[in-house]
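Peer 1: For reference, the sequence and a predicted model appear below.
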2 protein chains.
Amino acid sequence: MSSQRATAFVPGHVTAFFSAHPADDPAVAGSRGAGVTLTDGVTVRVSAPAGETGAATGDGADGETGAATGDGADGDGGADGDAASDGPGSRTIDGEPGSIGAVDDVLAELGARGADVAVETDLPIGAGFGVSGAAALGAALAANDAFDRGRSENELVRIAHAAEVGRGTGLGDVVAQARGGVPVRLEPGAPGVGELDGVPATARVEYVTFGELSTEAVLGGDTDALTAAGEDALDRLRADPRLPTLMDAARRFAREADLLVPEAAEAIVAVDADGGSPESSGSPDDLGAAMAMLGRTVFALGTGLSDAGYDPDVCRIDAAGARLVDERSRE
Amino acid sequence: MSSQRATAFVPGHVTAFFSAHPADDPAVAGSRGAGVTLTDGVTVRVSAPAGETGAATGDGADGETGAATGDGADGDGGADGDAASDGPGSRTIDGEPGSIGAVDDVLAELGARGADVAVETDLPIGAGFGVSGAAALGAALAANDAFDRGRSENELVRIAHAAEVGRGTGLGDVVAQARGGVPVRLEPGAPGVGELDGVPATARVEYVTFGELSTEAVLGGDTDALTAAGEDALDRLRADPRLPTLMDAARRFAREADLLVPEAAEAIVAVDADGGSPESSGSPDDLGAAMAMLGRTVFALGTGLSDAGYDPDVCRIDAAGARLVDERSRE
């Protein structure tokens, strides 16, 4: 499997509610909570320079594709040349030069800094869709394949989770995005440490974004009230793992944790007034709206936002979670 | 979410190698091993009789759709009427009357025996594709949704796993099918007990079936040699979680466990002679063939079987695992 190029898709993830659980070990740190993964997501394409594939470490290497580079393959001069054999490769986001810290850390961990990495997404960045976590996980999956690093899925999720936590850009997106569906984070942390369940459901998802909100600023502040509200919401969802309960718990969490921004509050009320919430007389398929944690974003399950006169993006709950995409498929 | 009808799709699963780990508690019993989930699978449609939806048990019920039935909703007379309100509903397999033991047990556990259940699959039954496990898991997901039972994904996987183990028709298919991809069963058992990892990979899958092989007969016999060979294969794959190692370990397992049937041996050699195995000079995308455990079935990753002159069915590795399918999707 000496593919020199590989592509991964990772769903977006909107967190409905969460509690923060920091720890010194980034594989142990994380969050409890729940959210929704989206068929709108992040595609990461990785190309390995010639001669750079093969197992970077380890005892199971088959030697087929050449020996490997230790942990970075290059001097750390910080030069940003394009795919020079011993310097970092090119980095683009939606076609423009740009890099994401967690992606760089993942590539370093996999001895793949020389890769050319292209991140593409239709999702807004910094608006609560877990784009940085998705890019980190996609880079892990694609670099492992392109460089033939021979890591398991759990190892790759752990590497991406640790990079995201280390950069302070997220606590629970990566493990949720790896699972897909409607992930419930029962215990924080990477695979082998954390524990997941899911709400078995499929639904149409609508979302509207009003701007950015800094994850780092919120997670860096006092998170006690937030965590108490998040634990309460999780208890409610565990007792009744259904979508209406998820959305109701999300709305209550945003109020109790004092995270609701005015534009989001207005949209949630508008959807509710239009009949979207389960307490009202709307269609049973409309489950109201809630704010994405952490972003100036409102998401609705069903058609609540469009019914209320917004012009939302529309996707669905993603059943699969993060995955390699075979762009050479011969089927 | 008072849907009265629901549909689930569950991928087929061919086991490459395994070790058997029986236990009195069916949630603890299971197998270690690895295999490949397939985009060819089983679709299960469940319809709830009018008035039978709502939480069967529990404290989180919202009462929206009516109170619920205890654990079976009916006398146990065994009558096979069509959707009589207090008797079992209809059961079909590919349009013909027929039922699967594990499916019946799942429905009983969810208080959904009155459901009409239609199982459809392109896969051959009894040939090593995990059809019974897929049907059980699909019935769990669809019945939970159609009857609004409010169980979590882990709970539904546990119910289907226990039903499959209880019937003796499989040990590891259900947890693998729930995950999708190329599941590696590190520890046996249902969610919360067992532990999974995965080989991060996508590939074309070809398969040819030569007939049935009784899972019950093999699992009911002496499994010591099988388990030793299976543990050895798992150690090899954990040290190098890549597809070539999976296929090589599978071929060795079939020989060491003395499970290789003549037609399968012949096909594996034919694929190898044609260049399919990684030891030969074939395309790097062709990873040779192996026998599905337990069935008179050979599967190949790549084009090995068609290159060798067989007329295989063709599908791909399924990235998603078991999922609800929204046949009413409005997108």
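Peer 2: Yep, it's here. Here the structure is a predicted model, which is why all the values come from computation and not from measurement.

Peer 1: which stretches of the stretch 1-150 of chain A form helices?
Peer 2: A:101-109, A:131-146 (DSSP state H, counting those that start in this stretch).

Peer 1: what's the most buried one of these?
Peer 2: helix A:131-146 (a mean of 31; mean count of other C-beta atoms under 10 Å in any protein chain shown). For the C-beta atoms, the positions are set from N, CA and C on the backbone; glycine is no exception.

Peer 1: Can you list the buried residues in the next helix or strand after it?
Peer 2: Next helix or strand after helix A:131-146 toward the C-terminus (DSSP states H and E): helix A:153-167. Within helix A:153-167, the residues that count as buried by 16 or more other C-beta atoms under 10 Å in any protein chain shown are A:153-165, A:167.

Peer 1: Just checking helix A:153-167 against chain B, any contact.
Peer 2: Yes - Helix A:153-167 reaches chain B (C-beta under 8 Å from any C-beta of the partner chain) through A:153-154, A:156.

Peer 1: can the residues you listed go into a markdown table with extra columns for pLDDT?
Peer 2: Shown next, in a markdown table, are those (pLDDT from 0 to 100):
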| residue | pLDDT |
| --- | --- |
| A:153 | 98 |
| A:154 | 98 |
| A:156 | 98 |
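
Peer 1: Could you tell me how many residues sit around the closest residue to residue A:326 other than its chain neighbours?
Peer 2: Once flanking residues are discounted, residue A:326 sits nearest to residue B:202: 4.5 Å by C-beta to C-beta, 6 or more residues apart in numbering or on different chains. For residue B:202, the number of neighbouring residues by other C-beta atoms under 10 Å in any protein chain shown comes to 22.

Peer 1: Considering only helices and strands, which part of chain A has the lowest mean pLDDT?
Peer 2: helix A:215-220 (a mean of 69; mean pLDDT, DSSP states H and E).

Peer 1: counting contacts, what elements does the helix or strand just after that helix pack onto?
Peer 2: The helix or strand immediately downstream of helix A:215-220 is helix A:224-239, counting by DSSP H and E. Under the contact criterion of 3 or more C-beta pairs under 8 Å, 6 or more residues apart in numbering or on different chains; DSSP states H and E, helix A:224-239 touches strand A:5-21, strand A:30-47, strand A:183-187, helix A:243-256.

Peer 1: Kindly report the residues of the stretch 151-300 of chain A close to chain B.
Peer 2: So the stretch 151-300 of chain A meets chain B at A:151-154, A:156, A:180-181, A:184, A:191, A:197-204, A:236, A:238-245, A:278, A:284 (C-beta under 8 Å from any C-beta).

Peer 1: coming back round to it: can you lay out the helices and strands packed on helix A:224-239 as CSV showing distance to residue A:302, mean pLDDT and mean neighbour count?
Peer 2: Below are these laid out as CSV (distance: least, C-beta to C-beta, whole Å; pLDDT from 0 to 100; neighbours: other C-beta atoms under 10 Å in any protein chain shown):
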stretch, distance to residue A:302, mean pLDDT, mean neighbour count
strand A:5-21, 15, 96, 27
strand A:30-47, 12, 98, 26
strand A:183-187, 20, 97, 21
helix A:243-256, 9, 96, 22
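
Peer 1: could I get those as JSON lines with distance to residue B:229?
Peer 2: As requested, those are exported to JSON lines (distance: least, C-beta to C-beta, whole Å):
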{"stretch": "strand A:5-21", "distance to residue B:229": "32"}
{"stretch": "strand A:30-47", "distance to residue B:229": "36"}
{"stretch": "strand A:183-187", "distance to residue B:229": "35"}
{"stretch": "helix A:243-256", "distance to residue B:229": "45"}
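
Peer 1: Any idea which of these gets closest to residue A:223?
Peer 2: Nearest to residue A:223 among these is strand A:5-21; the distance by C-beta to C-beta comes to 4.5 Å.

Peer 1: Flag the shaky bits of the stretch 51-200 of chain A, pLDDT-wise.
Peer 2: For the stretch 51-200 of chain A, the stretches with pLDDT under 70 are A:52-86.

Peer 1: now do 80
Peer 2: A:51-87 (pLDDT under 80).

Peer 1: for the helices and strands packed on helix A:224-239, which one sits closest to residue B:12?
Peer 2: Between residue B:12 and the helices and strands packed on helix A:224-239, the tightest spacing by C-beta to C-beta is seen for strand A:5-21, at 22.5 Å.

Peer 1: now the angle from that closest one to strand A:183-187?
Peer 2: 50 degrees (axes from the mean of the first three to the mean of the last three C-alpha atoms, to 10 degrees).

Peer 1: contacting residues around residue A:158?
Peer 2: A:27, A:190-192 (C-beta atoms under 8 Å, 6 or more residues apart in numbering or on different chains).

Peer 1: same question, residue A:213
Peer 2: A:126-128, A:261, A:294-296.

Peer 1: Counting only strands, which of those residues make the cut?
Peer 2: Residues of these located in strands (DSSP state E): residue A:296.

Peer 1: Pretty sure residue A:38 sits against residue A:11.
Peer 2: Yes - taking contacts as C-beta atoms under 8 Å, residue A:38 lies within contact range of residue A:11: 5.2 Å.

Peer 1: Overlap in contacts, these two.
Peer 2: The contact lists of residue A:38 and residue A:11 share residue A:318, where a contact means C-beta under 8 Å, 6+ apart.

Peer 1: OK, contacts around the closest residue to residue A:199 other than its chain neighbours?
Peer 2: Excluding the flanking residues, the one nearest residue A:199 by C-beta to C-beta, 6+ apart is residue A:182, at 3.9 Å. Shown in contact with residue A:182 (C-beta under 8 Å, 6+ apart): A:34-37, A:198-201, A:243, A:246, A:317.

Peer 1: Check these against residue A:89 and report the nearest one.
Peer 2: Proximity of those to residue A:89 (C-beta to C-beta) peaks at residue A:37, which lies at 28.7 Å.

Peer 1: Can you tell me how far that closest one is from residue B:193?
Peer 2: 25 Å (C-beta to C-beta, to the nearest Å).

Peer 1: Equivalent analysis for residue A:102, please.
Peer 2: In this view, residue A:102 and residue B:193 are 32 Å apart by C-beta to C-beta.

Peer 1: shouldn't residue A:286 be in contact with residue A:306?
Peer 2: No - using C-beta under 8 Å, residue A:286 is not in contact with residue A:306, being 10.3 Å away.

Peer 1: Could you check which of the two is surrounded by more residues?
Peer 2: residue A:286 (25 against 17).

Peer 1: and the more buried one, that one's in a strand?
Peer 2: No - applying DSSP: H, G, I helix; E, B strand; the rest coil, one finds residue A:286 to be coil, outside a strand.

Peer 1: pLDDT score for it?
Peer 2: In this model, residue A:286 is scored at 81, pLDDT.

Peer 1: can you count the residues close to residue A:22?
Peer 2: Each residue near residue A:22 was counted by other C-beta under 10 Å, and the total is 15.

Peer 1: Quick check: it vs residue B:246, distance?
Peer 2: Distance of residue A:22 to residue B:246, given as C-beta to C-beta: 38 Å.

Peer 1: contacting residues for the closest residue to residue A:268 other than its chain neighbours?
Peer 2: Nearest non-adjacent residue to residue A:268, counting by C-beta to C-beta, 6+ apart: residue A:289, 4.8 Å away. Taking C-beta under 8 Å, 6+ apart, we find residue A:289 in contact with A:247, A:267-268, A:271-272, A:276, A:298-300, A:304-305.

Peer 1: gap between residue A:289 and chain B?
Peer 2: Distance, residue A:289 to chain B, using C-beta to the nearest C-beta, to the nearest Å: 17 Å.

Peer 1: Mind pulling up the pLDDT for that residue?
Peer 2: We have a pLDDT of 96 for residue A:289.
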